[in-house]
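1. Okay, here's the prediction I keep looking at, along with the sequence it came from:
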Amino acid sequence: MHDFRHSHVALLIKNNEDPYIIKKRIGHASITTIYDLYGHLYPSKQLNTASRLDNFY
């Protein structure tokens, strides 16, 4: 069951779902829990943000 839950969250993150929505779906009390437990799935998000800022004039 844990693997299914983790895969579900991973797919939501990959599809750019809002972390607040993920929190609600999974049933965590705090959005911080999403970042603490699944933060390793977000490294490319930092690169994407940096790229968008580089292209901002």
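-> Yes, it's here.
2. how about low-confidence regions in the protein?
-> By pLDDT under 70, the low-scoring segments of the chain are 57.
3. Give me the spatial nearest neighbour of Ile13, chain neighbours excluded.
-> Distances taken as C-beta to C-beta, 6 or more residues apart in numbering place Leu41 nearest to Ile13, at 4.9 Å, with adjacent residues excluded. C-beta coordinates here come from the backbone N, C-alpha and C atoms, glycine included.
4. Distance of the one you found relative to Met1?
-> Per C-beta to C-beta, to the nearest Å, Leu41 is found 19 Å from Met1.
5. who's more crowded, the two?
-> The neighbour comparison of Leu41 against Met1 (other C-beta atoms under 10 Å) goes to Leu41, with 17 against 5.
6. so the residue nearest the centre of the chain, which of the three states?
-> Nearest to the mean C-alpha position of the chain, by C-alpha atoms, centre = their mean, lies Ile13 at 4.0 Å. Classification of Ile13 using DSSP: H, G, I helix; E, B strand; the rest coil returns helix.
7. contacting residues around it?
-> Ile13 sits next to Ile22, Tyr38, Leu41, Tyr42 when contact means C-beta atoms under 8 Å, 6 or more residues apart in numbering.
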